[in-house]
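S.K.: sequence and computational prediction follow.
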Amino acid sequence: MPTREFKNRFERIEDVASKQQYTLKNAIHCSGVALHRGIKVAMCLRPALADTGIVFHRTDLHTAMETPATVATDADLPARWDTVSDTVMSTTVQNDAGIKVATIEHLMAALAGCGIDNVRVELDGPEVPIMDGSSAPFVFLIECAGLQLQQACRRSVRVLRRVEIEDGDRRAALLPSNGFTVALEIDFDSPAITEKAGYFDLHNGGFKRDICRARTFGFEREVSRLMELGLGQGGSLDNVVVVGQDDEIMNEGGLRYGDEFIRHKVLDCVGDLYLAGGPILGHFAGQRTGHTSNNQILRKLFSDPANWEYTHDVPQPSMAPIQAWARPMAAMGRDDTVVAVTA
């Protein structure tokens, strides 16, 4: 039987539609391997003041004791769409001093799904630990730390008119909506990936219930190419769903969901879009999209003030899927290029 404190914390995670901001109640630590660098990284999530946002801090460059937590340093990296410097196989942010933190998307997704507005993420390395390849371990850490209500209004980004980007056979759009929903179509040349489209309403616990346990995935045939690029050095069956040479799932226990591949791409999208600086009131539709497209659509959104506005309205459940495309993905050109690790 859960304690009253844990039950209250759980209910808050299940309903992130709040008019006020939240941070963590307590600091919490973890450590794990970096997916691409292959090194061990220690991480600490710390409470932060209202209106701070999500800020990464490299303790291996400046120790936390050198500067008060409320003072910005060259080792601080705000998590925003305009600080993204690289989207190859993961999302990387970089500050004006050239300092980087990579593979932030799974943690960002957990913070978005749990309704955390302000947190200081301290790392003793250049990459967020991959944990089990999903957001579930980060959600668990957040629940253990507890949530602290703050006396400041939560500010969402409302999409006012359709914005769209297209890059070859990849395209993405943000459409006006009173909630946050995601519709994705993927196209990987493998019979192991049978479910290639999904629609998810992320209102009222939808992220934790339907998305957060979905793991990153890759293909055994692409491992050597990744290694040559210096990527995937920390990848293993403990943190990546691997599709084998004969299109079998190599992980013991198989998939967590029948459509785990599409759910993980939604997870990445949730994390990347939280770089808007707050929750989005809008519908995201993507076809063959990834980290690059996710950042491109945010840059397009914020390129024109007529596209968006700040609001204190809370997300509402979607009544039905939103039709985004007149032309289905099957009518577009086919891309047979596979990606080894989506991160």
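M.R.: Sure thing, it's come through. Numbers count the residues shown, from 1 in each chain.

S.K.: what are the ranges of the strands in the stretch 201-343 of the chain?
M.R.: For the stretch 201-343 of the chain, the strands defined by DSSP state E, counting those that start in this stretch occupy 217-219, 241-243, 280-287, 308-311.

S.K.: any low-confidence regions in the stretch 51-200 of the chain?
M.R.: Within the stretch 51-200 of the chain, the ranges that satisfy pLDDT under 70 run 62-73.

S.K.: find the nearest non-adjacent residue to Leu61, please.
M.R.: Ala75 (4.5 Å; CB to CB, 6 or more residues apart in numbering). Where C-beta positions appear, they are placed from N, C-alpha and C, glycine not excepted.

S.K.: give the contact list for the residue positioned nearest the centre of the chain.
M.R.: For the chain, Gly271 is the residue whose C-alpha lies nearest the centre (CA atoms, centre = their mean; 1.8 Å). Neighbouring residues of Gly271 by CB atoms under 8 Å, 6 or more residues apart in numbering: 91, 104-110, 112, 135.

S.K.: if we use 6 Å, what do you get?
M.R.: Gly271 makes contacts with 105, 108-109, as judged by CB atoms under 6 Å, 6 or more residues apart in numbering.

S.K.: and the host helix or strand of Cys44, which residues are buried?
M.R.: Here Cys44, judged by DSSP states H and E, is contained in strand 40-47. The neighbour-count check on strand 40-47 (16 or more other CB atoms under 10 Å) flags 41, 43-47 as buried.

S.K.: could you do stretch 109-129 as well?
M.R.: In stretch 109-129, counting by 16+ other CB under 10 Å, buried: 109-129.

S.K.: mind checking which of those residues are in strands?
M.R.: Among those, DSSP state E puts 119-123 in strands.

S.K.: and the two most separated of these?
M.R.: Maximum pairwise distance among those (CB to CB): 12.5 Å, between Val119 and Leu123.

S.K.: partner strands of the helix or strand where Phe200 lies and their direction?
M.R.: Using DSSP H and E, Phe200 falls within strand 197-201. Strand pairing for strand 197-201, using DSSP bridges, gives strand 180-185 (antiparallel).

S.K.: by how many degrees do the strand it pairs with and strand 280-287 diverge?
M.R.: 0 degrees (axes from the mean of the first three to the mean of the last three CA atoms, to 10 degrees).

S.K.: show me what counts as buried in whatever helix or strand Leu149 lives in.
M.R.: Secondary structure assignment for Leu149, by DSSP H and E: strand 147-153. By neighbour count on 16+ other CB under 10 Å, the buried set for strand 147-153 is 147, 150.

S.K.: what residues does it touch?
M.R.: With CB under 6 Å, 6+ apart, strand 147-153 has contacts from 12, 20-23, 25, 50-51, 312.

S.K.: buried among those? Make that a ChimeraX selection.
M.R.: Of these, the buried ones go into a single ChimeraX selection, burial set by 16+ other CB under 10 Å:
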select :12,21,22,23,25,50
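
S.K.: name the nearest of the contacts of strand 147-153 relative to Ala197.
M.R.: Arg12 (31.6 Å).

S.K.: got a pLDDT number for that closest one?
M.R.: On pLDDT, Arg12 comes in at 46.

S.K.: then Met319?
M.R.: For Met319, pLDDT reads 72.

S.K.: same question, Met227
M.R.: In this model, Met227 is scored at 77, pLDDT.
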